[in-house]
Every structure is written in structure tokens, then in C-alpha cells.
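Q: Kindly return the folded structure for what I paste below:
(one chain, ligands or ions: 1)
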Amino acid sequence: MIKRKGHFIRLDTINTSLVLRADTAEYLYYGPKLVSATELSSLPGVNRKIFSQPGTNDYTEPSVLLENADGGFATNFQWARTRIVLEKPEIMGLPSSYGEGKTLELKYVDPSTRVQLLLYYSLFDDCDVIAVSAKLVNGARKDIHVRRLMSLQLDLYGADYELVTFEGAWARERQKRARVLTSGIFYNDSKCGASSHARNPFVMAENASGVYAFNLVYSGNHKEICECDGANRTRVLVGINDFMFDWKLAPGEEFAAPEAVMCYAPSEDQVSLRMHAFVSEHIVRGKWKKRERPVLVNNWEGTYFDFDEEKLLAIASKAKAVGAELFVLDDGWFGKRQDDTCSLGDWYDNIAKTGGGLASLAEKIRALGLSFGIWVEPEMISEDSDLYRSHPNYAMKVPGRQPTRLRNQLMLNMADEKVQNYVVRAICDVIARSGAEYVKWDFNRTMTDCFGKGIAVGEYFHRYMLGYYRVVSKITKRFPFVLFEGCAGGGGRLDLGNLCYFPQYWTSDDTDARERIAIQDGTSYAYPQTVMGAHVSASPNHQTGDTTPLNSRFHVACGGVLGYELDLTKLSQAELHSIAEQVAFYKENRKLLQFGDYYRLYDRNVNGFMIVSKDRNSAIAMVALLEHHPADPTMSVRFKGLNPGAVYEVCVRGQDGSVSLGGDVLANTPIPLEGLFDYAQRQANSGCIFTRLFLFKKQKNA
Ligand code: GLA
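A: The predicted structure follows:
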């Protein structure tokens, strides 16, 4: 709900309130929902601005930085108009959230240049996240250059925040890190042309008053700036990275910054629940939004490049036997690809490896009773490819310079419309001729040689993103029933921008269960389990060499969308039988596991998650023992999210017996775990993680 009284505007979500003053461009309040009848005009202003610019005496990091036609940088945007719009405006060329709700539009004009700055705050009727974006319109008679336009500025009261970020590397994505912000500036950013493995755009600023969380609906270079100044203020800026950024805006042209989102909640758990609800309702779209996702078997870690039709069909028939629903053919099916040195761009069938080609292979997979899925890496080109030989100019590289090769490949210049059109044609053809029901869209290297003929270097990164979004939007619209799963060498581009097109994302190339606990845990702060691809792979694990019991690998994968990624033909009957039981269990509980409320569980030596049905009648918790100490009396866990007034029957998957305990007891009493883990098994498998799945069913209310 948006209420306006003169220049005072109050935006209420279900549980929060944001109060702005339009003429002075100030934040007056953001936090728990206001319940008193306080007049908005009585709220004390403490100079917390909704945008900032050089040329005033605010020397904190600005949200807007323009190079004016007169050669100066100073602007002095003045309030011009306030409007409440009923339909959420689209952001041209960029993905954004959608849904019922209202949008506040604030317009400011710089009197000397006539440049306009528009700020948008969108609310949704059913959620606590506020979407914020910014736009510049050049009302001047000459070109201006946008050197920075941040999507969101929030000046927080106080300079005692802890900033939590999610950082890492390939196979180590989204590790939670916290640091105390003190006087000075902290950046969380990406300059590699992707939202990155290294630093996800999601950040949280926390202090005793609660948690403020921010994210960006964008998959390219991003920057989150936190500056604590001498005025007891912490400025948070979220937007496109201004690194190498310089966007020329001709008279009459607009520049739209991507959408950012913010959310206040009293705790991290609440932030996650609110962010998850937002992603599920207002970011993910299309047929798969609320659909239970299929259990898949992917051949990558099972075969890598070494497969032929016979091997694939053998794996697929085992996949069917254990109850999987979708078979995914990964890298290596096209051109003459036998390793990662060639063929990217040649999206035609490698007959030797696929039998009669994709179409006939897909038919054979379907004849087994499985859906067919296919891997593609559309934004890439190998120098050893027919595409490169015929169109060397499609590759992203600087004329006269040796390009940097990563994973032996170059990138396509997706800023060029010709290249975009080629990609749309080639990938649509793959999907159409195979009839694929699922597509894994990969992106296995980052950008280095940013160059496109006729494209200003300062515009390149963003023009690439606009080209990329044009392509994914066309392809996903053309095939509305196909389930798309994004991937970027694992989770290197898992962000809200991509989730507008891909309802799922491959979380990480690290499939080791212990490692996955931390990766999925970090990912879960911002993103719901419905979008996290989670696979059971071979043991010893291919990334770490560690051994993990099959059930523990499965239990960890229950925290996301389940898949298997190993050569099922190499498993024993007993292992296949266990997998069949796992798949049956997962399917039986899939609605709860994929769409329930997700909580993280932590205790000494223990880490896990708990997923609770919306009506709180049932729940499943995964508890992993990370280290083992014999007779450790402190190994315990408190469960979350249950109805404190209800009594639940609690049992452990695979173990006999159950106990009845109240939701209040389960939440507030440490439940001892020692007795649940078989000491002999632990001794025999020293170094492994062991897990248990707890099942909760409501028996009666208070
Ligand atoms: C990336 C993906 C993997 C697999 C390989 C294939 O690393 O993350 O899952 O698809 O590419 O080359």
C-alpha cells in the first residue's frame, strides 16, 4: 500500500514500512511496520538521502555521476513530480520482477542541464520486498555521459553494521562472510562480465535493529558499496559496476539501471523467508513456477566426454529403473567435440556419439519413459569450430591482440545483433529438433577481451548483457514449456536476472556432500531451494576425493532440486535399490521439499536445513554431523519453523520408532543427536560426514 500526504509518502509491505520525503529526497524511516498514528511529517529527518550526486556538499559515494555537456560533473537534481502508478513499469531490455502492486515514481530534474532522474519504488500486495530502480532521461540538447547510475541508495541510520556477503570461487560459491563496517568504504563487486562465483550481488547489513538485505536483478558486473561516514550514517548503494563504464546518452535518450531489491526483517531467517517468497512469486515465471521439478539423471560426471549412444541408453535405462523422470545429455554431443578444445558454436549432432543424431536419441530416451534434456553453451565459440572458421568476427576479441583463452574457448560478441540472431537460430534449432523438455544453459568462462566493432568500450559490458537478455528472452518465450536450468561453471551466474528466465540453476560444480552443505547453505540466504540444482554424485567424489555414504549424499541433495550425476551402470544392485528408495521418498515429499519454508540449522559440529510445509503440518530436516567426537554430549540441534502449539510425531528416515514432541519443545530444547549415529559406521568411515533426515508430522494442536 502506498499513501501520500503532500511530500510525505508511506509504503507499507505486509511487515515493513518505508517512509520517504519527496521534495528533500530523504528517507525518514525503513523498518518494522509502523502501527501508531504518528503523523509522517513528525518523523525526524536525519539527512538520509534517496539519491546523491556530486556538486553538493555530500562527499559520500554518489548514486548518480554524469559528465555533462558543459564538461562538468556537478548536478543539482530538484524534485519535479510524484506519481503513483498502478502498473509496474517494465525496464526496457532488462529482466525485472512482476506482479500485482503499486509503484511510486519520483522525478527530479537538474535545472541547468534539463536531465531528468526518475526513481521507482514498487510494492507487491503479498510480499515484504521492495523493488527499486532508477532511470535517466537526457533532456539536454547535447550528449551527456552516464558514468554511474546506481539502482538503489539506502542511507541507514548508524555506523555499526556488520556486512554479510556471499563469496568464493569456482566450486566454492556463496560462502557466507561477515565483517564489521567501520569508517571507510567497502565494495562487494564483480568485473568479470558475470554476477560471478567470486561475489554474489546479494548482501546483508545487520545490527541490533535487524537485517537489511539487498540484491540486484542483473547478471553482469555489479557493485554494492557501503560507506560509513562521520554523520553516523551507512550508505548502501547497489547497481551496475561503474568499472570501465561510460554510457553516452544522446538528447532524448534514456538509460535504465537494472532493478535492485531490498528487504528489512528482524533476523536472517526472516530475511531468507521473505526473499524466497519474493523470488518464487515475483521473479521465477512461466509454466514451471509452481510445478514440481523432475528428478533428473545427468551424464556429465558419469561419462564426461567419453560416451556413445549405447552408453547413454544404458545409463538412461537404469535411470528409469530407479524412478528418475528426465535424462540430461551434457557436454560433448555436438560438432567433433571429444574434449574442451573444440566445437563450441557447432550445434549440430555428433553422429558417432549420439547414434542417429539428437532426434533419434531423444526418441529412444522417451521410449524408455523419460523426458529428454540437453546441454548447450550458447555464448561461446571454440577457435577450432566451423563457426569460427566461417565467422571469426563473431568472437569477442580486440583486433591485433591475442585473446585470453579460458577453458580453451573464446566468447561470442553478444553485443552484436547479428551474433544474437545466430545464437537464437542455432539454439532454437537444437531444442526443436530434439524436442528437448529441458535445457541446461551453460557459461563456462568469464569476459576478458571486451570489444565489439562500433561499440564504445565503456558501454561494452552492459551492451553484452542487453544482447544476452534479448537472446534468452526470445528462446525461453519460443519454448514456454521447456524447463531451463542456468549454469555457469556451476553457480557463477546464479542471480535474480537469470532466474527471470531460468526457474532452476546449477548451484555448483562441487558435488561433494560436505562442501555442498556450505554452498547450499550460503545460497539459501537469498535464493529458495526450488532454484538450486542438487545432485548425488559418485563416491569418492570427483572434486575432493572424499568418501560419503550414499544416503548422506542424498540427504544433502534433498535441500535442492534432486538429480543424480554418476554412471548408474557401475553401481551395485544394492546401491541401485537404495537410489530407487531415495527417489521414491523424494517424489513422495517433493512438494514439501521443493516449495516449503526453508530454515538453516546450525549447532556445534552440526549443520543442516529444515523445510516446513506452509500449513506447518509436516516438515523434513536434514542434520549433518560435520566432525565426530565419541560420546559427545553437546551434539544436539534445535528445530525451526514448527507450530509451537502443535504436537508432532518425529521419526528418522530409515530408523524404527518415533517420538511425540511439541513444536515449542523442538524449537527450544536442544535435541541430542549422539544416539542416532552409528558409532561403528563412523569409525569405519573416518572423515566422512554423516546425516540424518528427520520427519515431522503434526498429530494434534494444543
Ligand atoms: C560446466 C558445468 C558442468 C558441466 C560442464 C560441461 O562445468 O557446470 O555441470 O556441464 O560444464 O563442460
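
Q: How many residues are close by the nearest residue to residue 391 once chain neighbours are set aside?
A: Once flanking residues are discounted, residue 391 sits nearest to residue 422: 7.7 Å by Cβ to Cβ, 6 or more residues apart in numbering. Every residue, glycine included, has its C-beta placed from N, CA and C. Other residues lying near residue 422 total 18 when counted by other Cβ atoms under 10 Å.

Q: Also residue 178?
A: Residue 178 is flanked by 10 other residues according to other Cβ under 10 Å.

Q: residue contacts, the residue of the stretch 551-700 of the chain found nearest the ligand?
A: Residue nearest to the ligand within the stretch 551-700 of the chain (Cβ to the nearest ligand atom): residue 565, separated by 7.8 Å. Residue 565 sits next to 297, 298, 299, 300, 301, 302, 511, 535, 536, 537 when contact means Cβ atoms under 8 Å, 6 or more residues apart in numbering.

Q: Provide the secondary structure category for the residue nearest to residue 391.
A: helix (DSSP: H, G, I helix; E, B strand; the rest coil).

Q: Please list the residues of this structure that sit near the ligand.
A: 300, 330, 331, 375, 442, 444, 487, 489, 490, 506, 509 (Cβ under 6 Å from any ligand atom).

Q: what's the residue nearest to the second one when sequence neighbours are not counted sitting at in phi/psi?
A: Translated: residue 330. Counting by Cβ to Cβ, 6+ apart, residue 330 lies nearest to residue 300, which is 3.8 Å off, once chain neighbours are set aside. Main-chain dihedrals, residue 300, degrees, to the nearest 10: phi -60, psi -60.

Q: hang on, residue 300 packs against residue 329?
A: No: between residue 300 and residue 329 there is no contact under Cβ atoms under 8 Å: 9.3 Å.

Q: Find residues that contact each of the two.
A: residue 375.

Q: Settle it for me: which of these two has more neighbours?
A: The residue with more neighbours, out of residue 300 and residue 329, is residue 329; 28 against 23, by other Cβ under 10 Å.

Q: how much space between the more buried one and residue 564?
A: 14 Å (Cβ to Cβ, to the nearest Å).

Q: go on, residue 106?
A: Residue 106 is 51 Å from residue 564, by Cβ to Cβ.

Q: Looking at these two, which one has more neighbours?
A: Each of residue 106 and residue 564 has its neighbours counted (other Cβ under 10 Å); residue 564 has more, 28 against 22.

Q: Now do the residue of the stretch 501-650 of the chain found nearest the ligand: how many residues are near it, please.
A: Going by Cβ to the nearest ligand atom, the ligand is nearest to residue 509 of the stretch 501-650 of the chain, at 4.6 Å. Here the number of neighbours of residue 509 (other Cβ under 10 Å) works out to 22.

Q: got it, and residue 250?
A: Using other Cβ under 10 Å, residue 250 has 10 other residues around it.

Q: Mind checking what helix or strand follows the helix or strand of the chain with the lowest mean pLDDT in sequence?
A: Ranking every helix and strand in the chain by mean pLDDT, DSSP states H and E puts helix 679-684 at the bottom, with a mean of 63. Next along the chain after helix 679-684, taking DSSP states H and E as the criterion, comes strand 690-700.

Q: tell me which residues of that following strand are tucked away?
A: 690, 691, 692, 693, 694, 695, 696, 698 (16 or more other Cβ atoms under 10 Å).

Q: Starting from it, tell me which strands it pairs with and how they run.
A: strand 618-625 (antiparallel), strand 647-652 (antiparallel) (DSSP bridges).

Q: didn't residue 105 look like it was pressed against residue 122?
A: No: here residue 105 does not reach residue 122: they are 9.6 Å apart, not a contact under Cβ under 8 Å.

Q: Tell me which of the two has more neighbours.
A: residue 122 (26 against 16).

Q: and that one, what does it touch?
A: 88, 97, 101, 102, 103, 104, 130, 131, 132, 133.

Q: what's the answer for residue 235, then?
A: 52, 60, 61, 153, 154, 155, 156, 225, 226, 227, 229.

Q: How many neighbouring residues does the nearest residue to residue 145 once chain neighbours are set aside have?
A: Nearest residue to residue 145, sequence neighbours excluded (Cβ to Cβ, 6+ apart): residue 67, at 3.9 Å. The number of residues packed near residue 67 is 15, by other Cβ under 10 Å.

Q: what's near enough to touch residue 67?
A: 73, 144, 145, 147, 246.

Q: right, and residue 576 touches residue 321 too?
A: Yes: here residue 576 reaches residue 321: they are 7.0 Å apart, a contact under Cβ under 8 Å.

Q: quick one: contacts for the closest residue to residue 444 other than its chain neighbours?
A: Excluding the flanking residues, the one nearest residue 444 by Cβ to Cβ, 6+ apart is residue 489, at 4.8 Å. When the contact criterion is Cβ under 8 Å, 6+ apart, the partners of residue 489 are 170, 197, 407, 442, 443, 444, 445, 509.

Q: Which stretches in the stretch 451-600 of the chain count as strands?
A: 483-486, 504-506, 532-537, 561-565, 597-603 (DSSP state E, counting those that start in this stretch).

Q: Give me the mean pLDDT for stretch 76-88.
A: Regarding stretch 76-88, the rounded mean pLDDT is 96.

Q: which residues are in contact with it?
A: Contacts of stretch 76-88 (Cβ under 8 Å, 6+ apart): 2, 4, 7, 9, 22-25, 51, 53, 55-56, 64, 96-99, 101-112, 115-117, 122, 131.

Q: do that again at 6 Å, thanks
A: 2, 22-23, 55, 102-110, 117, 122 (Cβ atoms under 6 Å, 6 or more residues apart in numbering).

Q: list the buried ones in the helix or strand hosting residue 205?
A: Residue 205 belongs to strand 203-207 when assigned by DSSP H and E. Neighbour-count burial for strand 203-207, with 16+ other Cβ under 10 Å as criterion, is recorded at 203, 204, 205, 206, 207.

Q: Tell me the spacing between the fourth one and residue 131.
A: The spacing between residue 206 and residue 131, counted by Cβ to Cβ, is 21 Å.

Q: what's the answer for the third one, then?
A: Counting by Cβ to Cβ, the separation of residue 205 from residue 131 is 18 Å.

Q: Any idea what the nearest residue to residue 348 once chain neighbours are set aside is bridged to?
A: Leaving out its chain neighbours, the residue that sits closest to residue 348 by Cβ to Cβ, 6+ apart is residue 334, at 6.3 Å. Judged by DSSP bridges, the bridge partners of residue 334 are residue 349.

Q: for residue 334, what are its contacts?
A: 343, 346, 347, 350.

Q: Need those residues in TSV (columns: neighbour count).
A: Written out in TSV, the entries for those read as follows (neighbours: other Cβ atoms under 10 Å):
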residue	neighbour count
343	26
346	21
347	23
350	18
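
Q: taking those residues one by one, which sit in strands?
A: If you go by DSSP state E, the contacts of residue 334 have nothing in strands.

Q: So which of those residues sit within helices?
A: Among the contacts of residue 334, no residue falls in helices (DSSP state H).
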